[in-house]
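# have a look at this fold, sequence not included:
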């Protein structure tokens, strides 16, 4: 798959570096997301996957490099342009982040009420259609506390789709799901991307599930992209860092321990 034609890309991170204090999170990272495809961003916990999503939405600015969305530099956007760009991006957070005092219906209706002047009769139809798409129209009057974790995430997905975004960002969407909810989520992501023709970025460490939905994959480790390719290409790769991650090996180039001074120094301090 060609990853270097800007006209074919929905998102491009070029030479991006991000630091938090003295800690370097990402360094000279390049990540290209083709239009209309599902791109998986994989890596160990703390490798910078969620940081990539925050860069795309402009919540975080890189110390170096460019973040391009639709060919525009996010770092050079005015506040009003950045807000318009964000309206075209749906985000599904790991915990769903629903408003607990609102029903499922009102959670999904919120973006439509805040960002459009549509009449309530049309908002009602749109909300019910979004809930139907995620299989929860019958739960429209429920509150988040009355739902399972998987159902909460599906309502959050309906809300993220409320404004018909061109780009969807999923932050660890499979974490903590039972096998049935996991299968339903995989199918939803795949089918929505195909039917709506949107571009999706999915951060995950569920290696076994990636071939079921992703067109292209990146593995981030040690502050950079260490491998990229189709799921089949990564499955057959022989680089040690790729094998460690794909096979779930505890020992390898990616260390278990976060960098620290010798234990004896801490114990005797």
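Thanks, I have the structure now. The structure presented is a predicted model; accordingly, all values stated were derived computationally and were not measured.
# find the nearest non-adjacent residue to residue 77, please.
In space, and not counting its chain neighbours, residue 77 is closest to residue 85: 6.4 Å by CB to CB, 6 or more residues apart in numbering. Placement of C-beta: from N, CA and C, glycine included.
# which parts of this protein are strands?
Along the chain, counting by DSSP state E, strands occupy 9-20, 23-34, 38-42, 64-69, 72-73, 89-92, 167-171, 199-204, 216-221, 224-229.
# residues touching residue 95, list them.
residue 152 (CB atoms under 8 Å, 6 or more residues apart in numbering).
# need the strands of the chain in a markdown table with mean neighbour count, mean pLDDT and distance to residue 158, can you?
Below are the strands of the chain laid out as a markdown table (neighbours: other CB atoms under 10 Å; pLDDT from 0 to 100; distance: least, CB to CB, whole Å):
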| stretch | mean neighbour count | mean pLDDT | distance to residue 158 |
| --- | --- | --- | --- |
| strand 9-20 | 18 | 91 | 22 |
| strand 23-34 | 19 | 90 | 23 |
| strand 38-42 | 25 | 92 | 19 |
| strand 64-69 | 19 | 92 | 23 |
| strand 72-73 | 12 | 90 | 28 |
| strand 89-92 | 23 | 89 | 10 |
| strand 167-171 | 23 | 91 | 12 |
| strand 199-204 | 24 | 91 | 15 |
| strand 216-221 | 24 | 89 | 26 |
| strand 224-229 | 19 | 87 | 31 |
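# need those in a markdown table with distance to residue 187, can you?
A markdown table is the format used below for the strands of the chain (distance: least, CB to CB, whole Å):
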| stretch | distance to residue 187 |
| --- | --- |
| strand 9-20 | 22 |
| strand 23-34 | 21 |
| strand 38-42 | 12 |
| strand 64-69 | 27 |
| strand 72-73 | 33 |
| strand 89-92 | 15 |
| strand 167-171 | 14 |
| strand 199-204 | 13 |
| strand 216-221 | 19 |
| strand 224-229 | 24 |
